[in-house]
Structures are given as structure tokens and as C-alpha cells.
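Visitor: Attaching a predicted model along with its sequence, questions to come.
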Amino acid sequence: MAEKTVMPALEARDLTLTWDEDSDVVRHVSLCVDPGETVCIVGKSGCGKTTILHALSGLTRPREGQVLLHGRDITGKPGQVSYMLQKDLLLQSRTILDNACLPLVIGGMRPAEAREKARPLLERFGLAGVEDKWPSQLSGGMRQRAAFLRTYLMGNDVALLDEPFSALDALTRADIRSWYVRTASELGMASVVITHDVDEAVIMASRVYVLEGDPRAGVPSTIAGEVPINRQVEGAFDLSPEFLSAKREVLSLLG
Ligand SMILES: Nc1ncnc2c1ncn2[C@@H]1O[C@H](COP(=O)(O)OP(=O)(O)OP(=O)(O)O)[C@@H](O)[C@H]1O
């Protein structure tokens, strides 16, 4: 078999993370995501998923281990990867276009120039024709697309997404997650996505990392296993035996 030669876009090596001196939240967590790839992390509530994203983003420094961006050590250095939260957090007093442009303007670009840079991307993000509307005039799905564009315009090629679809209804959610994986892949954006929803993880990811443990009961979480997803199937993937078998494996690792 051919050796894998692609350097991961983001790699976590043997992370041990803690919020206080006495107890670890997670131990020995290693994961990676290739350019344009989407991977998911699933685990029970409170097991440390967000804690891992904080460390990957550089917002917190691990007690042990390293975070590498294209092979470069970024452990504890914020601002190198993009981070998107569950809520779209758009500013109500700015139009959709101006919300999307915020990272460019904060970075010092003149607003008119920032708008011109963002405009060609509106179509790809499904926002053509609504750029001058206010966030309150759009559906949750459209607001989330604007939040994705804003995340993309942060200019990093790795995005960390914490439960990005949980506020959306089931149909919008199904639609937007397939769109997201396709678009991120086309743009070369590597994504690490946290979700509670096993179906969603299997549908989106090329690999699902399953966490087990209960830090609140003094049991630090570790990766119980990683499940590679084979999406090369005939017909609809979410009706295929491959989907069911991957889902079963994730559920069994979750216990
Ligand atoms: N800022 C913080 N300070 C101290 N402890 C924290 C902090 N954030 C989280 N914790 C603790 O760390 C543990 C893991 O929390 P975390 O939010 O990472 O879990 P999670 O898997 O993302 O949970 P959920 O799925 O419910 O969002 C919990 O025991 C939580 O109480």
C-alpha cells in the first residue's frame, strides 16, 4: 500500500488537558485532519469536547502535548485557526455582507475593500441576493451560512466548529451539513467538528473520533477509538450498509 505523504493541516499530539491543578479533563488525545478534510469528535455531554477545541485553537495551553499546524508548533498560540461557535453570533446592526466582512475590517482593511473581497464568495456560500439584509430578516440556516463565510474570511485554512448545526431544524441541518463538507473540501478548509449527533458525525466526517470518560466523576476522557468512514457507495450514503456499520461502531465505542 502507498505511504501517506500529505502532512496534516492540524495535528494534536498526545494532549493532556486540565482546568485546574488537581484533575485532568482529557488524557493522551491525539488526532489529525488533512487539508480540506472534515473530522468529527463525538462523546457524551461533559466529556471534554469543547476543552479539546479550546486547546486546538490555542485559547488554552495543554498540560502536556503539542498542537501542530502544517507541522509548525502552535501550542498555546491563539489566532492561527478559525473557531466557530454553536450560535451564529451575527451583529444585528450590520448587514449580512458587513457581518461576513468583519474579520477583514478588524484586520485593518477598509470596509469598501473588504466588501469587494467578500462579494465573489456570496454565491458559493448561498448568500447571493441577501447580502444587504439584516440578520433578523434571514432564516437560521442562512444566518449560519453568513457565519461560515465570516469564519472563512478569517483567512485560516483550519476551522474548529463547536456544534455548528444544533440550533437548526432537522431539514435545514441535513441540507447545510452536506453543503458545508462539500464547500470546505473545495476551498481546502480542514474542519474539526464537535457534534452530539452520531448520524451527523458519520454523514459529515471522513473519520470520527469517539471520546469516552467522565471527568466530572474523576475519570479523564481518552479516545476510545477512531472510525474511518467509507463514503464510496452506490446510492444514498445515509441509507447504505456502510453508513449503518460505521454508526454501529461509533455507538459501540460510546458504550
Ligand atoms: N472554563 C472552565 N473552567 C473549569 N472547568 C471547565 C471549564 N469548561 C469546562 N470545564 C469542565 O471540563 C469538563 C469538560 O467540559 P467540556 O465543556 O469540554 O465538555 P463537552 O464534552 O464539550 O460538554 P457538552 O457536550 O455538554 O458541551 C466538564 O467537567 C466541565 O465542567
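Guide: Yep, that arrived. Numbers count the residues shown, from 1 in each chain.
Visitor: and L68, helix, strand or coil?
Guide: strand (DSSP: H, G, I helix; E, B strand; the rest coil).
Visitor: Count the neighbours of it for me.
Guide: 17 (other Cβ atoms under 10 Å). C-beta here means a position set from N, CA and C on the backbone, and glycine is covered the same way.
Visitor: Give me the three-state assignment for the residue nearest to it when sequence neighbours are not counted.
Guide: Ranked by Cβ to Cβ, 6 or more residues apart in numbering and with sequence neighbours excluded, the top spatial neighbour of L68 is E11, at 4.5 Å. Of the three states, E11 takes strand under three-state DSSP.
Visitor: just the one 3 residues further on next, same as before
Guide: At D14, secondary structure determined by three-state DSSP is strand.
Visitor: Quick check, it in contact with H28.
Guide: Yes - with contact defined as Cβ atoms under 8 Å, D14 reaches H28; the gap is 5.5 Å.
Visitor: and those two? which has more neighbours close in?
Guide: It is H28, of D14 and H28, that has more neighbours when counted by other Cβ under 10 Å, with 15 against 12.
Visitor: Need phi/psi at that one.
Guide: phi 50, psi 50 (degrees, to the nearest 10).
Visitor: My read is that it contacts R13, right?
Guide: No - using Cβ under 8 Å, H28 is not in contact with R13, being 9.8 Å away.
Visitor: Break this structure down into its domains, please.
Guide: According to automatic domain parsing, the chain comprises the domains 1-81+162-255, 82-155.
Visitor: so who does P62 touch?
Guide: Contact analysis of P62 by Cβ atoms under 8 Å, 6 or more residues apart in numbering lists L15, T16, L17, A55, T75, G76.
Visitor: and those, which two are the farthest apart?
Guide: T16 and G76 (13.6 Å; Cβ to Cβ).
Visitor: neighbour count winner among those two?
Guide: Taking other Cβ under 10 Å, T16 and G76 do not tie; T16 has more neighbours (17 against 13).
Visitor: how many neighbours does the closest residue to the more buried one other than its chain neighbours have?
Guide: Of all residues not flanking T16 in the chain, E64 sits nearest, at 4.1 Å (Cβ to Cβ, 6+ apart). Neighbours of E64 under the rule other Cβ under 10 Å: 13.
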